[in-house]
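Chemist: sequence-free structure coming up:
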DNA sequence: ATTTATTTTTAGATTAGCCTAAATTTGTTA
DNA sequence: TAACAAATTTAGGCTAATCTAAAAATAAAT
């Protein structure tokens, strides 16, 4: 497995991100947006990647990762998320500060480093944003989670992740004390603006906007009543 | 302070390394050897660096770091050595495995990361090879040390560093249990091949070659007799 | 002091990764 | 289905970092 440039690695990650979930190939335009380069450059790079058999590419049909490309992309995500855990747990960064640094650290090449880091961190299965960390074989842990928007009145759960990873959202959640692991009960749903009233950690009521509800992942708990 | 490419950073480090100690500027050839690129490429790069005011360059007179260049080089060394400490202390790598990884890690750009790492590691002043870690202001700790070759019969000291950083040497020292902190007394010096007999940790005698003596740094201790 | 060897620079090319502008293909809508 | 819009590719060019080969300058040696 030849050594890839950081740029190539970033394209693979972008393609992974775009086609995650869907079976449709990633379009040139989508990649262009994801990596912030012109569509022309993307076409260029995609041809190079397909020569290296990292993606399947057919003119004007979009690209799909090959198993080789998928493996590399998954490994990058593993490294990225493990480094995020390190930054938060060991160096006490907050969850909104770590993305850009991990974006650099994920490109470090060393056969041993990742595995040692993983061991050092105690084999964490989720990163500081609640995203699953693939294991050394590329398998993602699965967790049954729903958006807060999907909870019905009276249901309870704990905050396990975010859909929107923006700094603004993460910092806002911090202020609301809606951190990972927080306990939530949905008290009321307002039809008017689709906001909700929740009970946080059995101690405090608060109102959350529709937007927050659509970006917060909850793991349901059996209601105790 | 503009962001430099990894390549540019590597040149600055090479120039620093070459001119460390001496007041003579670094020659094109020396840099060429240090960064493993052709002399022609070095001339090219050196001109670019001088345009950025990171080095002083006069045709055929060699280069010298400007204060700006020196500051960057020193900071790189700080990062490199702190990461080495991390790799050895936290991830249990051995001292001969960490150089290449640290070589990559030193290029990570983040205003906070280094300082947090430094704090996390407890502000170490020396790296796993005994090399001093410059502080945030670029000051190197000084330690009065001599080569084992300079010790005279009966003198005692502890191993504090190495001159030769090669994997082969480091692994050899490991086998001999000549690790950092080991206590040494020079028992005898053999004129024939300039080898020596030492007492290691007050418990074991051994013979060391001239070559070992010339590459091992010792901090002298007052002899207790 | 000439010749020879070494070091350094110049000249000309190459590759990766990017760009803009123009051409082409595909999709949508009247 | 013809016309327009959107997406994609092609063409031509740029910069950073490298190379080799040749020229020029400096240093060493006869």
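Modeler: Now that the structure is in, tell me what you want to look at. Quantities reported herein were computed from a predicted structural model and do not represent experimental measurements.
Chemist: Tell me, how many residues neighbour residue A:55?
Modeler: Applying other CB atoms under 10 Å in any protein chain shown, we find 25 residues neighbouring residue A:55. Yep, even glycine has a C-beta here, placed from its N, CA and C like the rest.
Chemist: is any part of the strand or helix carrying residue A:175 close to chain B?
Modeler: According to DSSP states H and E, residue A:175 maps onto helix A:167-176. No - applying CB under 8 Å from any CB of the partner chain, one finds helix A:167-176 out of contact with chain B, separated by at least 14.7 Å.
Chemist: For that helix, buried residues please.
Modeler: For helix A:167-176, the neighbour count (16 or more other CB atoms under 10 Å in any protein chain shown) marks A:169, A:170, A:172, A:173 as buried.
Chemist: Residue A:96 is in contact with the second one, correct?
Modeler: Yes - Residue A:170 sits in contact with residue A:96 when judged by CB atoms under 8 Å, with a separation of 3.7 Å.
Chemist: Against which helices or strands is the longest helix seen in chain A packed?
Modeler: Criterion DSSP state H: the longest helix present in chain A is helix A:67-89. With contacts taken as 3 or more CB pairs under 8 Å, 6 or more residues apart in numbering or on different chains; DSSP states H and E, helix A:67-89 sits against helix A:6-19, helix A:99-105, helix A:113-120.
Chemist: go with 10 Å
Modeler: helix A:6-19, strand A:55-57, strand A:63-65, helix A:99-105, helix A:113-120, helix B:113-120 (3 or more CB pairs under 10 Å, 6 or more residues apart in numbering or on different chains; DSSP states H and E).
Chemist: Following the chain onward from the fifth one, which element is next?
Modeler: Downstream of helix A:113-120, the first helix or strand assigned by DSSP H and E is strand A:146-147.
Chemist: Show residues contacting that next one.
Modeler: For strand A:146-147, the surrounding residues in contact (CB atoms under 10 Å, 6 or more residues apart in numbering or on different chains) are A:155, A:157, A:160-161, A:163, A:213-220.
Chemist: run the last query once more with 7 Å
Modeler: A:213, A:214, A:216, A:217, A:218, A:220 (CB atoms under 7 Å, 6 or more residues apart in numbering or on different chains).
Chemist: Next one, pLDDT for residue A:224 please.
Modeler: Listed pLDDT for residue A:224 reads 62.
Chemist: and if you look at residue A:63?
Modeler: Residue A:63 carries a pLDDT value of 97.
Chemist: the domain parsing of chain A - what is it?
Modeler: Domains of chain A are assigned by automatic domain parsing as A:6-65, A:74-142, A:146-221.
Chemist: distance of the spatially closest residue to residue A:149 that is not a sequence neighbour from residue A:97?
Modeler: With sequence-adjacent residues excluded and distances taken as CB to CB, 6 or more residues apart in numbering or on different chains, residue A:149 is closest to residue A:213, at 3.9 Å. In this structure, residue A:213 and residue A:97 are 25 Å apart, going by CB to CB, to the nearest Å.
Chemist: ok, now residue A:219?
Modeler: Distance of residue A:219 to residue A:97, computed by CB to CB: 25 Å.
Chemist: near DNA strand C, which residues of chain A?
Modeler: Residues of chain A lying close to DNA strand C (CB under 7 Å from any atom of the strand) are A:5, A:7-8, A:35-38, A:40-41, A:44-45, A:48, A:60.
Chemist: which of the residues you listed lies closest to residue B:198?
Modeler: For those, the minimum distance to residue B:198 (CB to CB) is 48.7 Å, reached by residue A:5.
Chemist: Count the neighbours of that closest one for me.
Modeler: Applying other CB under 10 Å, we find 10 other residues in the vicinity of residue A:5.
Chemist: Same question for residue A:60.
Modeler: 8.
Chemist: quick one: it from residue B:126, how far?
Modeler: For residue A:60, the distance to residue B:126 - CB to CB - is 59 Å.
Chemist: again, but for residue A:140
Modeler: For residue A:140, the distance to residue B:126 equals 41 Å [CB to CB].
Chemist: thinking again about what came up before, let's have the buried residues of helix A:167-176 in JSON lines, adding pLDDT.
Modeler: Shown next, in JSON lines, are the buried residues of helix A:167-176 (pLDDT from 0 to 100):
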{"residue": "A:169", "pLDDT": "98"}
{"residue": "A:170", "pLDDT": "98"}
{"residue": "A:172", "pLDDT": "98"}
{"residue": "A:173", "pLDDT": "98"}
